[in-house]
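here you go, sequence then predicted model.
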Amino acid sequence: MKQEIELLHSFALTDFKSRHRGSALGFLWLLLTPCILLLIYTFVFGIVFERSFDKPNSHSIFDYAIGLFIGISIFQIFSNSIATTPHSIIGKPNFIKKIKFPLHILPISTVLSGSVVALVNLGLITLISIITFNSVGFRILYIVPVVLTSIFFACSIGLLLSAISVYLRDVVQMSSFLNLALMFSSGIFYLPEEIPPSYHTFLKFNPIIHLVDIARKIILWNEQFSYLLLFLLSIISVLCLFISYRIFLYMKSSFPDAI
């Protein structure tokens, strides 16, 4: 177990460093990217389209941009998993031949390294929200289980996609379309109550919608949210991770024949 944790840390760190290798500003992009995106969202949605969420005292040019940015930050954890994990196994065929190597480390480390950017974004937007709206409260602590639940779901997706892509390489090409469909069905650009009832019947099973909504209530509005819902999502994410891990181990034995 200790060895797997060390491997996970090593691979996640290596993958994270490789994302900024060769750039002039290096890790400074971790702060520059969210700041630039926030300025763009503020101008486009807050100034040009004058959008805002239908919330009391939430009609400034920043409210919609910040709410949108919170949604995108949570979604980044999932989108990174979908975009990168299909390559994690097939991109390292030499590791498949090592019988004792824990292959599940590869997709999980990829998810964790990609989640760092989302964590930095959420930290920055939380600070901006506190300064701008003075909305800090004890509920801010609940952003931790929201993020952990998102990461567990993302790891579940990553394990399944990385295993399936060994047999079906089309998963790599399909990942971009899956990300696009998921982005518009995850409540990033709208509130859950704005979804028409006929569509809400199906979209309510998308955990990202609920995680984004809870994150906004915590960071942006300091509102009461359903603790039971967050608890259930956390339990479901752990179960999904366990099930996907067992499926991955079952499929792992035939990886050498498929590569």
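Cool, got the structure.

downstream neighbour of whichever strand or helix holds residue 14 in the secondary structure list?
Using DSSP states H and E, residue 14 maps to helix 2-18. Next helix or strand after helix 2-18 toward the C-terminus (DSSP H and E): helix 29-41.

mind listing residues that contact that following helix?
For helix 29-41, contacts defined as CB atoms under 8 Å, 6 or more residues apart in numbering pick out 20, 23, 25, 64-66, 68-69, 72-73, 116-117, 120-121, 124-125, 128. C-beta here means a position set from N, CA and C on the backbone, and glycine is covered the same way.

so what angle separates the directions of the helix or strand just after it and helix 29-41?
Moving toward the C-terminus from helix 29-41, the next helix or strand (DSSP H and E) is helix 63-90. Angle of helix 63-90 versus helix 29-41, following axes from the mean of the first three to the mean of the last three CA atoms, to 10 degrees, is 140 degrees.

buried subset of the contacts of helix 29-41 as a PyMOL selection?
In PyMOL syntax, the buried subset of the contacts of helix 29-41 is picked out as below (16 or more other CB atoms under 10 Å):
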select buried, resi 64+65+66+68+69+72+73+116+117+120+121+124+125+128
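
setting aside sequence neighbours, what's the nearest residue to residue 84?
What sits nearest to residue 84 in space, not counting adjacent residues and going by CB to CB, 6 or more residues apart in numbering, is residue 110, at 4.9 Å.

do you know the pLDDT at the one you found?
For residue 110, the pLDDT comes out at 89.

hang on, it packs against residue 16?
No - the criterion here is CB atoms under 8 Å, and residue 110 misses it with residue 16 at 9.7 Å.

just checking, what packs against the lowest-mean-pLDDT helix or strand in the chain?
When the helices and strands of the chain are scored by mean pLDDT, DSSP states H and E, helix 255-258 comes last with a mean of 72. Judged by 3 or more CB pairs under 8 Å, 6 or more residues apart in numbering; DSSP states H and E, the packing partners of helix 255-258 are helix 143-167.
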